[in-house]
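In: Below are the sequence and a predicted model; questions follow.
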Amino acid sequence: MQSRAAGLLLALGLLLVAGNARGEDDDLGGLRPPGFRPPSVFDQAWGGEDELTAHARQLQGFRLRGRKASSNVTDVWIKPPRFPSIIPGQFVASFREDARNTSAFLENLFGSLRTEGVHQVARFKGPFNGFAFRLPPAMALLPNATAALLRALSALPQIRHVEPDQVFYATVISSDSRGGKWEVPTPLFRMRAAAWSTRVADGALVQPACTGGACSGVVVAVLDTGVDGGHPDLAGNIVGGESFIGGDPLVDENGHGTHVAGTVCANNNGQGTMGLTPGQKVYALQVFDRLGSGSTSSIVAALNWLARNGRAKGIRVANMSLGGPKSWAVCAALDAVVRQGITMVVAAGNKGVSMYSSSPADCNSALAVTAMTDYDGKPGGLATPADMDNGDDTFTDFSNYAAPYSANRVVSAPGRLVLSTWSQRACGRYGIECVPWGPYAFMSGTSMAAPLVSAMAARCYAKGACRAEDASEMARVVANAATYNAAHRDYGFTGDPLRPVRGRYFGYLVWGNQW
């Protein structure tokens, strides 16, 4: 074991000596290798005074928790915790902006380390220039050697940053298919676009934010579990997709991505539900698997693709109803997308804590969305169901929150009991039941609030009010919400800046017809 660790360090030492070479880089083309899929087994969160050492020790502890000690170290990843936070032994590294000959560098690096069991598992070419690699399982028994190896890699002059390849999840907390009065809540009547929350047969339709061709001027990218391209309420609206987990972006085995997409664009076709901007075009970027989980690698690859190709596809807004541990890599890749003139809308998270504890909500160039409750589509807090913990027109108990210094990038939208489209193949899976009358489901979470804001941001671009070519328009979305709330002081909710909760900032409630 120790000789293997010494060999790894020696190989990196030789690269360090030769690492000052500079030259022209080669092609910055394609992203992940075809069929790349992150490992499906993960480990618990790491943390502490020294991130690299802590991660290495975590791997050692994982083996001891997972099974009895054995001489066979190739199968130590057998019993992961239920909600893991890292991929064991896998890391994401980024090159410095002035690094050259990076492909040759990687060829030499992994050529030297291959016999030691270190493998490159992904290559990121584009604004985020980097790679992902995996250490051999035997390293789990040598935490100090692992930390030393990672420090040696970080010291190479080409390398800017190294971090664990972490696990991200869809930011949803619950489903609810209750009957009676609250089976068809209408949380967005005040925004004049609540029809997707009410069956057409109930006759409770309201005016959407736009109709017909007026809704399809720009494209919204949805980074999620994929979208059910065959859903009848999404027909004609899903204009394409890419998968970064080796799957099919128009096949959603989970349902979460289809729910998000429907909140944006479900058709006003006399059946099912209706999105805030019915007919809006959506591009599916699949970063999560059927369990609703993905990795830093899959998200960075998708953001890299978006930065390079998004504007050519007509994309001006991207929705990320997902979250995970803090990640410099995710924020760096997201920043690159924003510099292309695409507004990034992200869920604040569902742990009821500061949103700065997770990414992408902590990314400074992302528009973060918190969740509030609205059971009757009217202000005033008059319609709290008897069996609901959260009152009407108040912040949700699960929503993460911000601080006032982030006021220019935080808004709120309804995120409790939101009805939207659900993947036809996912009804009944993972304890989530569709409503009796079709592939639709009620969900709660900041995941459900974020696409409302994405739809409104897309409307801003379509109307010409948002038009920045190299920056986000999040400040305009926030300013319009603040202006409307100031002029209609009874419009908001308990927890907004006019009715603040000490120590928590949830932002102003967006208005669905602001453009």
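Out: Now that the structure is in, tell me what you want to look at. Numbers count the residues shown, from 1 in each chain.
In: What does the pLDDT read for the residue nearest to the spatial centre of the chain?
Out: With distances taken as CA atoms, centre = their mean, Leu322 lies nearest the centre of the chain, 3.1 Å away. Leu322 is assigned a predicted lDDT (pLDDT) of 96.
In: how near is the residue nearest to Ala426 when sequence neighbours are not counted to Ser358?
Out: Excluding its sequence neighbours, the residue lying closest to Ala426 (CB to CB, 6 or more residues apart in numbering) is Gly255, at 3.6 Å. Bear in mind the C-beta positions are built from the backbone N, C-alpha and C, glycine included. Applying CB to CB, to the nearest Å, the value for Gly255 to Ser358 is 22 Å.
In: Same drill for these two, tell me which one is more crowded.
Out: Taking neighbours as other CB atoms under 10 Å, Gly255 and Ser358 compare with Gly255 leading, 32 against 26.
In: which SS state does the residue nearest to Phe131 when sequence neighbours are not counted fall under?
Out: Leaving aside its sequence neighbours, Phe131 sits nearest to Arg123 (CB to CB, 6+ apart; 5.1 Å). Under DSSP: H, G, I helix; E, B strand; the rest coil, Arg123 falls in the strand class.
In: Next: the one 5 residues further on.
Out: At Phe128, secondary structure determined by three-state DSSP is coil.
In: likewise the one 5 residues further on?
Out: Three-state call for Phe133 (three-state DSSP): strand.
In: What about it, how many residues nearby?
Out: Phe133 - counted by other CB under 10 Å - has 21 other residues nearby.
In: how about it, what does it touch?
Out: 90-91, 93, 110, 118-121 (CB atoms under 8 Å, 6 or more residues apart in numbering).
In: Now do the buried residues in stretch 337-354.
Out: 337-338, 340-350, 354 (16 or more other CB atoms under 10 Å).
In: on that earlier part again, check whether the residue nearest to the centre of the chain really touches Val287, as I assumed.
Out: Yes: counting by CB atoms under 8 Å, Leu322 does reach Val287; the two are 7.4 Å apart.
In: list residues touching both of those two?
Out: 168, 223-224, 294, 299.
In: CSV for these, including distance to Asp233 and neighbour count?
Out: Shown next, in CSV, are the shared contacts of Leu322 and Val287 (distance: CB to CB, whole Å; neighbours: other CB atoms under 10 Å):
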residue, distance to Asp233, neighbour count
Phe168, 27, 26
Leu223, 21, 28
Asp224, 17, 31
Gly294, 25, 27
Ile299, 27, 28
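In: Which of the residues you listed fall within strands?
Out: Counting by DSSP state E, the shared contacts of Leu322 and Val287 place 168, 223-224, 294 in strands.
In: Mind jotting down where the helices sit in the stretch 151-300 of the chain?
Out: Here the stretch 151-300 of the chain has its helices, by DSSP state H, counting those that start in this stretch, at 256-265, 296-309.
In: Could you say which of those is packed most deeply?
Out: helix 256-265 (a mean of 33; mean count of other CB atoms under 10 Å).
In: Tell me the helices and strands packed up against that one.
Out: Applying 3 or more CB pairs under 8 Å, 6 or more residues apart in numbering; DSSP states H and E, one finds that helix 256-265 contacts strand 219-224, strand 281-286, strand 418-421, strand 440-444, helix 446-462.
In: Please repeat the previous calculation with a cut-off of 7 Å.
Out: strand 219-224, strand 281-286, strand 418-421, helix 446-462 (3 or more CB pairs under 7 Å, 6 or more residues apart in numbering; DSSP states H and E).
In: Mean confidence (pLDDT) on the shortest one, please.
Out: I take that to be strand 418-421. The model assigns strand 418-421 a mean pLDDT of 89.
In: What residues sit buried inside that strand?
Out: 418-421.
In: of all these, which two lie farthest apart?
Out: Val418 and Thr421 (11.1 Å; CB to CB).
In: Mind listing the shared neighbours of those two?
Out: Applying CB atoms under 7 Å, 6 or more residues apart in numbering, one finds that no residue jointly contacts Val418 and Thr421.
In: pretty sure the residue nearest to the centre of the chain is touching Val172, no?
Out: No: assessed by CB atoms under 7 Å, Leu322 is found out of contact with Val172, at 9.6 Å.
In: And the ones in strands among the shared contacts of Leu322 and Val287, which is closest to Lys313?
Out: Of these, the one sitting nearest to Lys313 (CB to CB) turns out to be Leu223, at 13.7 Å.
In: State the distance from Cys370 to Arg489.
Out: I think there's a mix-up here, since residue 370 is Thr and not Cys. 19 Å.
In: before we move on, back to that, the ones in strands among the shared contacts of Leu322 and Val287 into JSON lines, with extra columns for pLDDT and distance to Thr146?
Out: JSON lines is the format used below for those (pLDDT from 0 to 100; distance: CB to CB, whole Å):
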{"residue": "Phe168", "pLDDT": "94", "distance to Thr146": "23"}
{"residue": "Leu223", "pLDDT": "98", "distance to Thr146": "31"}
{"residue": "Asp224", "pLDDT": "97", "distance to Thr146": "33"}
{"residue": "Gly294", "pLDDT": "94", "distance to Thr146": "24"}
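In: Spatially, which two of the residues you listed are the most separated?
Out: Phe168 and Asp224 (10.8 Å).
In: after the helix or strand bottoming out on mean pLDDT in the chain comes which helix or strand?
Out: Counting by mean pLDDT, DSSP states H and E, the chain has its least confident helix or strand at helix 51-66, which shows a mean of 37. Next along the chain after helix 51-66, taking DSSP states H and E as the criterion, comes strand 86-95.
In: In PDB, list the C-alpha atoms belonging to that next one.
Out: C-alpha atoms of strand 86-95 as PDB (Å, rounded to 0.1, in the frame of the first residue of the first chain):
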ATOM      1  CA  ILE A  86     -19.700  12.600  -2.200                       C
ATOM      2  CA  ILE A  87     -18.600  10.000  -4.700                       C
ATOM      3  CA  PRO A  88     -15.900   7.900  -3.000                       C
ATOM      4  CA  GLY A  89     -12.400   8.600  -4.200                       C
ATOM      5  CA  GLN A  90     -13.600  10.800  -7.100                       C
ATOM      6  CA  PHE A  91     -12.500  14.400  -7.600                       C
ATOM      7  CA  VAL A  92     -13.000  17.400 -10.000                       C
ATOM      8  CA  ALA A  93     -10.100  19.600 -10.900                       C
ATOM      9  CA  SER A  94      -9.900  22.800 -12.900                       C
ATOM     10  CA  PHE A  95      -7.100  24.200 -14.900                       C
END
